[in-house]
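S.K.: Sharing a sequence plus its predicted fold:
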Amino acid sequence: MIRCLERGPATRAELISAALQNERTEDIGESVLRKRFENDMRRLREHFLLDIRYDRSSREYDIESVWMPLVDLSDENLQTLAWLQEEFGPDSPQHEAVSQLIDRIRLLLGVQRAAEVARRRWLLSLGLKQRDEHQISQEVWERLQRALHRHCLVEFSYASPQQSDSVPRRHTVEFYRAPYFEEGHYYIRGYCRHTEGPLGRYNMHRYFDYRVDRISELRLLPDKLGPEPPRARRYGVKYELAPRIARKGISRSRWIQIEDVQMMEDGRALVSGTTEDIFRARQFLMRYREHCRVLGGPELLLAMRETVRK
């Protein structure tokens, strides 16, 4: 059953089949099968310390987190994983497939070895830090690296251009992944617990993409992070591409997870998927200009209409 779950989500029937490879399930009564399945799942949780979630919509079980690593790799293999993650960035056609593979391996490695992959990727990107158009504090850069390695909560001041008073706010954030480079700057995605400013403290409980050069006075906190990052809310995305764009292939973006592409008889492409960030998804689709028509979901449509009104 563990091997079956290592490969990915599995139904109850698939897990039972994996556990009874050398037995004839038709000779075993349903009540016995159900009891054996429940006992085996309990042992996976209690003895192997696996957090297993059940998705009611797909009726599948999957590993959510591991407290006792299921696999281990040599330092050389971890270095290769870090290189793959850095090499196949958001602009690569293989980005999604490579990211899914590495995420699966990181999950099975457990917290400590997964953090080692992040540390090694950090070291690979360290030499590229000066690609950023603005100066990044060496102290901030090094403390971010330590925070990722220690898997701990951080607090810092952030100068956001959205604040009309130009006063930096203090952010308390969970970081799980190394910074990424996009459009001339380094960003790091983090789950913000709360912010503090002149008007007091606000609970956020959502993800933000922070520009690293705008971070200052970063402090590592003693609080340890959980084995898995909080789940981000996902929004529906549906858009139509004109034939002149569609025939050249559908571009991929780190901000939109494409789930389905339908090619129409007249050459148009109907693309469906999801996003965690409405703002970034909107920015990506606006690059198509008049060659793209956004059809949904409701949050993205609202954002596009507000942009057009402005």
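M.R.: Cool, the structure landed. This is a predicted model, so every value here is computed, not measured.
S.K.: Quick check: the gap between M286 and H95.
M.R.: 21 Å (Cβ to Cβ, to the nearest Å). Placement of C-beta: from N, CA and C, glycine included.
S.K.: ok, now which ones touch L15?
M.R.: Counting by Cβ atoms under 8 Å, 6 or more residues apart in numbering, L15 makes contact with M1, C4, L5, F37, D40, Y61.
S.K.: from those, which single one is nearest S137?
M.R.: L5 (42.6 Å; Cβ to Cβ).
S.K.: my guess is I63 contacts Y54, does it?
M.R.: No: using Cβ atoms under 8 Å, I63 makes no contact with Y54, being 11.5 Å away.
S.K.: so what's R56 up against?
M.R.: Contacts of R56 (Cβ under 8 Å, 6+ apart): none.
S.K.: confidence score at it?
M.R.: pLDDT, R56: 89.
S.K.: just E87 next, same as before
M.R.: For E87, pLDDT reads 74.
S.K.: Over to L225?
M.R.: At L225, pLDDT is 91.
S.K.: Neighbour count for M286 and H95, which is higher?
M.R.: H95 (17 against 13; other Cβ atoms under 10 Å).
S.K.: State the pLDDT value of that one.
M.R.: 77.
S.K.: For it, which non-adjacent residue is closest in space?
M.R.: F88 (5.3 Å; Cβ to Cβ, 6 or more residues apart in numbering).
S.K.: gap between that neighbour and L101?
M.R.: The value you get for F88 to L101, if Cβ to Cβ is used, is 10 Å.
S.K.: how about the strands of the protein, start to end?
M.R.: For the chain, the strands defined by DSSP state E cover 10-11, 50-55, 60-66, 152-158, 169-175, 180-182, 185-197, 200-211, 215-224, 235-241, 257-263, 269-275, 292-296.
S.K.: Comparing those, which yields the minimum mean pLDDT?
M.R.: When I compare these, strand 180-182 is least confident, with a mean of 79.
S.K.: And it, what does it pack against?
M.R.: In terms of contacts (3 or more Cβ pairs under 8 Å, 6 or more residues apart in numbering; DSSP states H and E), strand 180-182 is packed against strand 185-197.
S.K.: Perfect, I'm done here.
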